[in-house]
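J.: coords below, sequence missing:
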């Protein structure tokens, strides 16, 4: 009888141990599942926070480049009657705007076609061939992102880059005075290869016809605004 009792006791102990092990295993599994769920939740929350921060950062960058563009355009109001000193002061402000735009580009903060188009205008008003080439690249990036309004600045940046490296422009977007003293006067588009691009193709890039360009040259020569301006809708 004692032997049976001993066997029964050992069986009871084994059953208790087995039950304890099963309970412990379930607790470990539940703990692991809870930990994994918490980690997944934290990961999702972190991802959402990063997405939110990225969206916030992109919006801020877009606002900044738009403000720089607006300042660039406002600076050029009445430019046909500027004195050499006014042009010099504006050039200094242009340089500061390019520095600010470069920081946004280097940080990869610009995202939309409109962002890249605004940046293109800012570098179009640079003073080196590299500025104009970068402006053209930015205009092409804007078009690739679906910004059809960037067609004009794509043509203008190409023309300006070509003239900067002593080659003729091809669309006819670039005008310059032939004399600067006592005030800017006279006008020309030279050097200009007028045969390469047709007026039909100019129209596709929001550029006025050669006849319109001639009217612009005549107006600029006497300090008047262009009667036949280039530009796609909403952004001249």
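T.: Structure's in. What do you need? A quick note: this is a predicted structure, and the numbers were derived from the prediction, not measured.
J.: next structured bit after the helix or strand of the chain with the lowest mean pLDDT?
T.: Of the helices and strands making up the chain, the lowest-confidence element is helix 2-75, at a mean of 67, by mean pLDDT, DSSP states H and E. Proceeding C-terminally, helix 2-75 gives way to helix 84-106 as the next helix or strand, assigned by DSSP states H and E.
J.: residues in contact with that next one?
T.: Outside of helix 84-106, the residues that reach it under the criterion Cβ atoms under 8 Å, 6 or more residues apart in numbering are 61, 64-65, 68, 71-72, 75-76, 82, 110, 119, 122-123, 125-127, 131, 180-181, 183-184. To be clear about C-beta, it is placed using only N, CA and C from the backbone, and glycine gets the same treatment.
J.: Would you write a ChimeraX line that selects the buried entries of the residues you listed?
T.: This is the ChimeraX syntax for the buried subset of the contacts of helix 84-106, where burial follows 16 or more other Cβ atoms under 10 Å:
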select :61,64,65,68,71,72,75,82,110,119,122,123,125,126,131,184
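J.: Not counting stretch 65-79 itself, show me its contacts.
T.: If you take Cβ under 8 Å, 6+ apart as the criterion, stretch 65-79 is touched by 90, 93-94, 97, 100-101, 104, 110, 114-115, 118-119, 121-122, 125.
J.: can we see that at 10 Å?
T.: Stretch 65-79 has contacts (Cβ atoms under 10 Å, 6 or more residues apart in numbering) with 82, 86-87, 89-91, 93-94, 96-98, 100-101, 104-105, 109-110, 112, 114-122, 124-125, 184, 225, 235-236.
J.: Can you get me a residue count around the closest residue in space to residue 165 that isn't next to it in sequence?
T.: Once flanking residues are discounted, residue 165 sits nearest to residue 129: 5.4 Å by Cβ to Cβ, 6 or more residues apart in numbering. The local packing count at residue 129 equals 15, with neighbours defined by other Cβ atoms under 10 Å.
J.: List the contacts of the residue nearest to residue 133 when sequence neighbours are not counted.
T.: Using Cβ to Cβ, 6+ apart and skipping the chain neighbours, the partner closest in space to residue 133 is residue 161 (5.1 Å). Residue 161 makes contact with 124, 129, 130, 131, 132, 133, 134, 135, 136, 137, 167, 169, according to Cβ under 10 Å, 6+ apart.
J.: Would you confirm that the fourth one contacts residue 122?
T.: Yes. Under the criterion of Cβ atoms under 10 Å, residue 131 lies in contact with residue 122, with a separation of 9.2 Å.
J.: Can you point out the buried residues in the helix or strand harbouring residue 201?
T.: Secondary-structure assignment from DSSP H and E places residue 201 in helix 199-204. By neighbour count on 16+ other Cβ under 10 Å, the buried set for helix 199-204 is residue 202.
J.: C-terminal to that helix, what's the next element?
T.: helix 210-221.
J.: contacting residues for the residue nearest the centre of the chain?
T.: Nearest to the mean C-alpha position of the chain, by Cα atoms, centre = their mean, lies residue 116 at 2.9 Å. Taking Cβ under 10 Å, 6+ apart as the definition of contact, the neighbours of residue 116 are 65, 105, 110, 137-145, 147, 150, 153.
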